[in-house]
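Novice: next comes the sequence, and after it the predicted model I'd like to discuss.
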Amino acid sequence: MNIARKGIAALLWLTASAAALAAFPDKPIKVVIGFPAGGPLDQHARLLTDRLQAVLGQPVIVDYKPGAGGSVGAEAVAKSAPDGYTLMLANTGVAVINGALYAKLPYNTLRDFTPIARTAMQPLALLVTPKLPVNDLRQFVDYARARPGQINYGSAGNGGISHLVPEMFKSATGLFMVHIPYRGSAPAFTDLMGGQVQFMAESIPQAANYHKQGKVRALAVTSAARNPALPDVPTVIEAGIKGFEVVGFYGFLAPAGTPKDVVAKLSDAFRQVLTSPEVRERMVSQGADPAFLGSEDFARFLAAETPRWDKAVKASGAKMD
């Protein structure tokens with residue numbers, strides 16, 4: 001009798017679980033972004049969520065919670081119910097840089113989140129002012145090596161990817177360059193064009209636009225393969241610096257403890273969206289290469305990327321309160 005009762009209970013539980021999965025989602029899903037509206041993450045979210053609604057059959061709402069380099073939004077998601085209805089769209093900084101950058105971070109990516117899907121990779125271009133007498137990356141390395149401490153590089157601010165990629169480049173080449181942090185990439189670009197700083201790493205769309213206008217000179221891209229927006233610009237590896245591949249990424253995460261079947265359904269929805277040729281084309285135009293990883297592969301990716309960026313932050317000396 002007890003065995004029969006246990007069997008019935010197990011059957012009822014399985015039936016209820018299957019019904020719950022079939023019903024998910026039965027209300028709108030919220031995607032939190034830890035930055036103001038209008039930026040690159042917002043563009044990425046809008047591109048995907050419009051299509052995601054069609055796949056999941058429910059509205060997908062973008063919610064902005066800016067502050068502390070994305071940490072405010074990340075903390076809010078980490079503390080949300082692990083039911084699949086609150087997700088975070090994270091970039092490289094939020095997911096793997098902030099942990100080393102902030103002394104007191106209110107979340108830990110590997111502990112407090114369940115990865116859903118990596119959606120894109122975002123290579124950068126290494127740029128110089130056109131006033132510099134160099135035409136390729138090898139010439140720049142030789143030029144800078146002959147002038148230790150005399151070459152400045154600009155960034156959008158301390159601890160961001162445009163700061164850390166040049167630091168990685170310095171480590172790979174043994175160069176001594178001086179960091180000049182700005183409040184955003186726009187003033188840094190202005191000074192790069194004017195020659196007040198000589199070097200910069202920046203996302204592909206903006207870099208390609210200024211390069212084509214002759215306002216800056218793109219010497220290399222940081223991805224393993226050339227970028228369609230800069231087809232004549234070699235990779236850093238092609239330019240002779242072995243193993244140098246540094247690419248930012250975008251991905252969606254849910255609170256830790258989100259049921260596996262819900263994670264699988266969400267992950268597959270992103271996979272379906274990223275198969276659309278229109279989505280892929282528009283994503284590339286925004287400077288991000290479609291690069292889907294499912295939940296388990298994305299988790300392994302984050303675990304591998306975290307110590308790599310920890311090392312870069314420590315080498316840079318960057319710290320935020």
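Specialist: Noted; the coordinates are in hand. Residues are numbered from 1 along each chain as shown.

Novice: chain neighbours aside, what residue packs nearest to Ser185?
Specialist: Spatial nearest neighbour of Ser185, chain neighbours left out: Ala156 (4.2 Å); criterion: CB to CB, 6 or more residues apart in numbering. Any C-beta I mention is one placed from the backbone N, CA and C, and that applies to glycine too.

Novice: run through the residues that contact the one you found.
Specialist: By CB atoms under 8 Å, 6 or more residues apart in numbering, Ala156 lies in contact with 162-163, 181-185, 188.

Novice: repeat that with 6 Å
Specialist: Taking CB atoms under 6 Å, 6 or more residues apart in numbering, we find Ala156 in contact with 162, 184-185.

Novice: shaky segments in this structure?
Specialist: Low-confidence segments of the chain, defined by pLDDT under 70, are located at 1-22, 321.

Novice: and the helices in it?
Specialist: Assigned by DSSP state H, the chain shows helices spanning 2-23, 40-56, 71-78, 92, 98-101, 109-112, 137-145, 161-173, 185-194, 204-212, 260-273, 277-285, 295-316.

Novice: those: which one's closest to Val233?
Specialist: Proximity to Val233 (CB to CB) singles out helix 204-212 among those, at 7.6 Å.

Novice: can you spell out which helices and strands pack onto the closest one?
Specialist: In terms of contacts (3 or more CB pairs under 6 Å, 6 or more residues apart in numbering; DSSP states H and E), helix 204-212 is packed against strand 124-128.

Novice: neighbours around Asp232, how many?
Specialist: Neighbour count of Asp232, defined by other CB atoms under 10 Å: 7.

Novice: so in the protein, which strand runs the longest?
Specialist: When the chain is parsed with DSSP state E, its longest strand is strand 113-122.

Novice: how close does Ser222 get to Pro307?
Specialist: Actually, residue 222 is Thr. It isn't Ser. Noted for Thr222: a distance of 19 Å to Pro307, by CB to CB, to the nearest Å.

Novice: compare these two (neighbour count), which wins?
Specialist: Thr222 (24 against 11).

Novice: for that one, give me phi and psi.
Specialist: Thr222 adopts backbone torsions of phi -90, psi 0, taken as degrees, to the nearest 10.

Novice: OK, contacts around it?
Specialist: Applying CB under 6 Å, 6+ apart, we find Thr222 in contact with 123-124, 236, 246.

Novice: got it, and Ile29?
Specialist: Ile29 makes contacts with 60, 85, as judged by CB under 6 Å, 6+ apart.

Novice: how about Val262?
Specialist: Residues counted as contacts of Val262 (CB under 6 Å, 6+ apart) are 24, 84.

Novice: from Pro82, how far off is it?
Specialist: To Pro82, Val262 is 9 Å away according to CB to CB.
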